[in-house]
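Participant: build me a model:
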Amino acid sequence: MRIWRQLARRLGALACVTMALVFALDLTGCNRASEPTLRIGTNVWVGSEPLYLARELGYLEPKAVQLVEYPSASEVLRAFRNEAIDGMVISLDELFGLAVDGMQPRVVLVVDVSNGADVVVGSANMKTMKDLEGKRVAVESGALGAFVLSRALALNGMAANDVKVVHMESNEQPGAFEKGQVDGAVTFDPYRLQFLQAGARTLFDSTLIPGEIVDLMAVRASVLQKQPAAVQSVLAGWFKSIDYLEREPADAARRMGIRQQTSGEQYLAALKGLHIPSRAENLRMLGGDNPELVSTGRRLMNLMLEAKLLPAALKIEEVLAPAPLESMPP
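Facilitator: Numbers count the residues shown, from 1 in each chain. Okay, here's the model as predicted:
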């Protein structure tokens, strides 16, 4: 009987240990499930596409990062303001507006620098920006469209009231142009290609304002403390995707072109209007004693203040967050 009692005690103790382990595992699972997924918002834009390539190739951990696509940049901004997303791909001028309004965006990556990708187009019979005088120009309601138009007008000796601005989301503009509802537009790929196919002519492009249009990945300041692993995950996925694009350009372009509703060749042609900074370039632009993006940003900020596109100045250094990139393994 003593042997049976000892055996029962041992079995009981083993059962308790087993239950404790199961309970601990359940708690761990619950904690993992309760960790929020990092939601990154993008609009339809060739420069954001490597993120979706990273997802397709398995370079993004789906439990850590969720990509949310919106039809326009203005809707991305609205989603960030409403806290529907935690981060986004956004242009520098748009980020300034969020920062001044106290939304606390923090730049963790320079996605691309426009070198011809952002354009102003007009009807087939137009040759210069001056041909748009008195005409209807479609402009997205976000800051970027207004900025590109203001720079194009200024560089051609024109003022804002020389054209009739029609606020319209970027995805709606090509159809409005074909119907004769607008005479021109501020646009970018894949919509630029749709305009050209409809007979539009390019009157201005961002090669004339080098370094002024910069696209970034930014997250809310609180994300840096709450989800540092997720931020590093999306950065690692980005650079793996860019490496794949460099190694296998035809296959990468084919995959990304499908989502952009263009051919692989058309996608690669659109990419020629962008410069995608390497990790080393990103570190120079965001970090160190004198981040390159600070001097670029100051010029842009002053232009925006002069054009009344920004209500107040800000300290650009405060919106840069190079730490996640600096702490990544090389």
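
Participant: drop to CA atoms for contacts and neighbour counts, all remaining ones
Facilitator: Noted.

Participant: which residue is nearest the centroid of the protein?
Facilitator: When the chain is reduced to its mean C-alpha position, the nearest residue by CA atoms, centre = their mean turns out to be Val89, at 1.4 Å.

Participant: you'd agree that residue is up against Val214?
Facilitator: No. With contacts defined as CA atoms under 8 Å, Val89 does not count as touching Val214, sitting 10.4 Å away.

Participant: find the residues that touch each one of the two.
Facilitator: Val111 (CA atoms under 8 Å, 6 or more residues apart in numbering).

Participant: one step back: return the residues in contact with the closest residue to the residue nearest to the centre of the chain other than its chain neighbours.
Facilitator: The shortest distance from Val89 to any non-neighbouring residue, by CA to CA, 6 or more residues apart in numbering, is to Met217 (4.5 Å). Applying CA under 8 Å, 6+ apart to Met217 gives the contacts 87-90, 107-111.

Participant: any figure for the gap between Met217 and Val108?
Facilitator: The span separating Met217 from Val108 equals 6 Å under the rule CA to CA, to the nearest Å.

Participant: equivalent analysis for Pro291, please.
Facilitator: Relative to Val108, Pro291 is positioned 13 Å away (criterion: CA to CA).

Participant: mind checking which of these two has more residues around it?
Facilitator: Set Pro291 next to Val108 and count neighbours by other CA atoms under 10 Å: Val108 wins out with 26 against 18.

Participant: state the next helix or strand along the chain beyond the lowest-mean-pLDDT helix or strand in the chain.
Facilitator: Each helix and strand of the chain was given a mean pLDDT (mean pLDDT, DSSP states H and E); the minimum falls on helix 2-34 at a mean of 41. Proceeding C-terminally, helix 2-34 gives way to strand 38-43 as the next helix or strand, assigned by DSSP states H and E.

Participant: what packs against that following strand?
Facilitator: Judged by 3 or more CA pairs under 8 Å, 6 or more residues apart in numbering; DSSP states H and E, the packing partners of strand 38-43 are strand 65-70, helix 73-81, strand 87-91.

Participant: residues contacting the helix or strand where Leu144 lies, please?
Facilitator: Mapping Leu144 onto the secondary structure by DSSP H and E places it in helix 143-155. In this structure, residues lying in contact with helix 143-155 by CA under 8 Å, 6+ apart are 91, 93-94, 97, 118-120, 129, 139-140, 159-160, 186-187, 204, 206, 209, 304, 307, 309.

Participant: 6 Å - rerun?
Facilitator: With CA atoms under 6 Å, 6 or more residues apart in numbering as the contact definition, helix 143-155 has outside contacts at 94, 139, 159, 186.

Participant: distance check, the residue lying closest to the second one once chain neighbours are set aside against Ala236.
Facilitator: Of all residues beyond its chain neighbours, the one nearest Val139 is His167 (5.0 Å), with distances taken as CA to CA, 6+ apart. When CA to CA is the yardstick, His167 and Ala236 sit 37 Å from each other.

Participant: please parse the protein into its domains.
Facilitator: According to automatic domain parsing, the chain comprises the domains 38-114+214-326, 118-208.

Participant: need those domains in CSV (columns: mean pLDDT).
Facilitator: Listed next are the domains of the chain as CSV, based on pLDDT from 0 to 100:
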stretch, mean pLDDT
domain 38-114+214-326, 94
domain 118-208, 92
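
Participant: now Tyr244. Nearest residue, chain neighbours left out?
Facilitator: Of all residues apart from its sequence neighbours, Ala252 sits closest to Tyr244 (CA to CA, 6+ apart), at 7.0 Å.

Participant: next SSE after the helix or strand hosting that neighbour?
Facilitator: Under the assignment given by DSSP H and E, the secondary-structure element containing Ala252 is helix 249-260. Next along the chain after helix 249-260, taking DSSP H and E as the criterion, comes helix 264-271.
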